[in-house]
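In: Kindly return the folded structure for what I paste below:
(chains A, B, C and D)
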Number of protein chains: 2
Amino acid sequence: MTLEARIRADLEQRIRSGELKPGDRIPFEHELVARYGCARATVSKALGGLVRAGLIERRRKAGSFVARPHSEAAVLDIPDIAAAVEQRGGGYRFEMIARTVETAAGDPVFADGARLLRLEGVHHALDGPFAHEERRIALATVPEAESADFTATAPGLWLIDHVPWSEAEHRISAVPAAGAVASSLNLVRGTPCLRLDRATWRNGEPVTRVRQTFPGDRYDLVARFGPSGK
Amino acid sequence: MTLEARIRADLEQRIRSGELKPGDRIPFEHELVARYGCARATVSKALGGLVRAGLIERRRKAGSFVARPHSEAAVLDIPDIAAAVEQRGGGYRFEMIARTVETAAGDPVFADGARLLRLEGVHHALDGPFAHEERRIALATVPEAESADFTATAPGLWLIDHVPWSEAEHRISAVPAAGAVASSLNLVRGTPCLRLDRATWRNGEPVTRVRQTFPGDRYDLVARFGPSGK
DNA sequence: GAGTGGTCTAGACCACAAA
DNA sequence: TTGTGGTCTAGACCACTCC
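Out: Here you go, the predicted structure:
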């Protein structure tokens, strides 16, 4: 492992672990130079990598700071549902349908026996229900979730603030509306829906798993990029 | 504009324009040092940026080469359909249904009056039809397409080889199977399908627009990434 | 073996923004 | 005004890999 990689990995670990929180200042270049006994260019390259990774922001004369994650950081502009609703005319509201604590068993993401907070709810726009969401949160990883008020802040936004810098996997499929999902979205059974399954981890530890279902005629996922991912 | 950015932009332009094709060697570092009259570190940083952008690959002792674009470079693992079929057991085949030349009118991507090659076909796996595809190619941008044999190489793969390094926009939605699409995929009308609309440009000039429709129960889109887009 | 890229050093000057 | 990051220089040594 190169020195640059080591500096970068050290800082990255401190950020992902939560020791350094969004907004915190990280050491100045000259402090890291002293700490690692290396040239400034090496430190600079390491920090440049963290900037490209979106983990930190740098300001002249001020220093370098842990960045605040935003949905664009996820490359694919995956639904910040509230923002999407605002674009469509506002009136966003999250309605909680169910909230229980359960124990994982045969879950594709969580280990058997893990305590999970299960949330079910509907995202509303002014003109009606917009998406159905079923979510599970690992209470071992995010214990604060057990007492959080998800009517004020939708679970997704709450998690972004409390578990920044997670890693995610998405799966998109098309399914017919059925059962509770169909009725909570006021859909005829069989109506095509976009289903988005997303699992997120922090440091390899599962954080949350969510299944969001959108009526096919009310939501598109859009991604635009060049070869560089820009 | 910094010197590093200028070196990088110069090379990027030569690659995107097609002057340098995939596999071509770009000048050695020491040649660029002489060409721009700068330090090797500056050249190295510029080339490092092109590597990160996925435009070039570098090998010790051999030099730096224009990279071959692959679907992973598109960040979202968007269907290299043939590869997806191979994963499912092989037997890939592309069946052409229609091939005509038309003139653009009211197209969301192509300017009115542009000559377009319109292709319609079905991607087959061993166990049946897999995806329906309707595509238009701008003949002004890719004149070779008019005489290409798309039964040997599916249009998507053919384009990757002939128009590298384009920029793309994707839109994913869920729609009911209907009309010719439903029948060519052997689906009951109304079956939920994933629809992928993709438009690509080269240097801001539209290249192709394609609409791919997948039976919802036979195909998922998967994307995995951390904050860095890795 | 020879030549490439990968990494690092120890300086330098500058633009910029915060104090 | 001051100190930060942004950029650049002119070296150096090394590892790898192609010939």
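
In: surely A:Gly216 meets A:Cys193?
Out: Yes. Counting by Cβ atoms under 8 Å, A:Cys193 is a contact partner of A:Gly216 at 5.5 Å. Just so you know, the C-beta spots here come from the backbone N, C-alpha and C atoms, and that holds for glycine as well.

In: Need the overlap of contacts for those two.
Out: Residues touching both A:Gly216 and A:Cys193 (Cβ atoms under 8 Å, 6 or more residues apart in numbering or on different chains) are A:Ala174, B:Ala174, B:Pro192.

In: taking those one by one, which sit in strands?
Out: A:Ala174, B:Ala174, B:Pro192 (DSSP state E).

In: hang on, the second one packs against A:Leu196?
Out: No. Judged on Cβ under 8 Å, B:Ala174 makes no contact with A:Leu196 at a distance of 10.5 Å.

In: Just the strands from chain A, written as ranges.
Out: A:25-26, A:56-59, A:63-66, A:93-103, A:115-125, A:128-138, A:167-176, A:192-202, A:205-215, A:221-225.

In: closest one to B:Ala53 among those strands?
Out: strand A:221-225 (11.2 Å; Cβ to Cβ).

In: re earlier: keep only the ones in strands among the shared contacts of A:Gly216 and A:Cys193 that also lie close to DNA strand D.
Out: Near DNA strand D, taking Cβ under 7 Å from any atom of the strand as the test, no member of those is found.

In: can you put the strands of chain A in JSON lines and add mean neighbour count?
Out: Converted to JSON lines, the strands of chain A look like this (neighbours: other Cβ atoms under 10 Å in any protein chain shown):
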{"stretch": "strand A:25-26", "mean neighbour count": "16"}
{"stretch": "strand A:56-59", "mean neighbour count": "16"}
{"stretch": "strand A:63-66", "mean neighbour count": "18"}
{"stretch": "strand A:93-103", "mean neighbour count": "13"}
{"stretch": "strand A:115-125", "mean neighbour count": "20"}
{"stretch": "strand A:128-138", "mean neighbour count": "23"}
{"stretch": "strand A:167-176", "mean neighbour count": "20"}
{"stretch": "strand A:192-202", "mean neighbour count": "22"}
{"stretch": "strand A:205-215", "mean neighbour count": "21"}
{"stretch": "strand A:221-225", "mean neighbour count": "17"}
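
In: what's the least confident stretch among the ones you listed?
Out: Lowest mean pLDDT within the strands of chain A: strand A:221-225, at a mean of 55.

In: Which positions in chain A make contact with DNA strand D?
Out: Close to DNA strand D, as judged by Cβ under 7 Å from any atom of the strand, chain A has residues A:28-30, A:40-41, A:44, A:47-48, A:51, A:58-64.

In: which among those end up buried?
Out: A:Glu29, A:Leu47, A:Gly48, A:Arg58, A:Ser64 (16 or more other Cβ atoms under 10 Å in any protein chain shown).

In: from the residues you listed, which single one is nearest DNA strand C?
Out: Checking these against DNA strand C with Cβ to the nearest atom of the strand, the nearest one is A:Glu29 at 9.6 Å.

In: ok, now how distant is that closest one from A:Val207?
Out: 32 Å (Cβ to Cβ, to the nearest Å).

In: before we move on, the earlier item: so which of the strands of chain A comes closest to A:Ser147?
Out: strand A:115-125 (10.1 Å).

In: any idea how far the closest one is from the chain center?
Out: Relative to the mean C-alpha coordinate of its chain, strand A:115-125 is positioned 15 Å out (Cα atoms, centre = their mean, to the nearest Å).

In: and it, which strands flank it?
Out: According to DSSP bridges, strand A:115-125 has the following sheet partners: strand A:93-103 (antiparallel), strand A:128-138 (antiparallel).

In: List the contacts of A:His162.
Out: With Cβ under 8 Å, 6+ apart, A:His162 has these contacts: A:Val142, A:Glu144, A:Ala145, A:Ala148.
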